[in-house]
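*Asks:* Prediction below, plus the sequence it came from.
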Amino acid sequence: EHLGHPPLLVDGFVRGCWRIVRDGGTATLEIQLLDPLSDSDTEAVRDEGASLLAFAAEDADRHDIRFGAA
């Protein structure tokens, strides 16, 4: 199901995959984790995700980040 989605790297290790989904004026970064992240890693991924959405979906009215299990 996730074949072809970009990998999520944390400290050089693949920890999941991600994609940006648009629905109306909302751009959502969907992150599918292979295993749970620590609180500090989750915060770092959220920060990077927000930067990614600001760049890749700057025209969206709303940005969202969702985590799920692979």
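*Replies:* It's in. Source: prediction; values computed, not measured.
*Asks:* need the next SSE after the longest strand seen in the chain, C-terminal direction.
*Replies:* Using DSSP state E, we find that the single longest strand of the chain is strand 13-23. Sequence-wise, the next helix or strand downstream of strand 13-23 (DSSP states H and E) is strand 26-33.
*Asks:* Tell me which other helices or strands that next one touches.
*Replies:* Other helices and strands packing on strand 26-33, by 3 or more C-beta pairs under 8 Å, 6 or more residues apart in numbering; DSSP states H and E, are strand 13-23, helix 39-56, strand 62-69. (Glycine included, C-beta is placed from N, CA and C.)
*Asks:* quick check: angle from the longest strand of the chain to strand 26-33?
*Replies:* Note on geometry: by axes from the mean of the first three to the mean of the last three C-alpha atoms, to 10 degrees, strand 13-23 and strand 26-33 are set 150 degrees apart in direction.
*Asks:* just how off-centre is strand 13-23 within its chain?
*Replies:* Strand 13-23 sits 4 Å away from the centroid of its parent chain (C-alpha atoms, centre = their mean, to the nearest Å).
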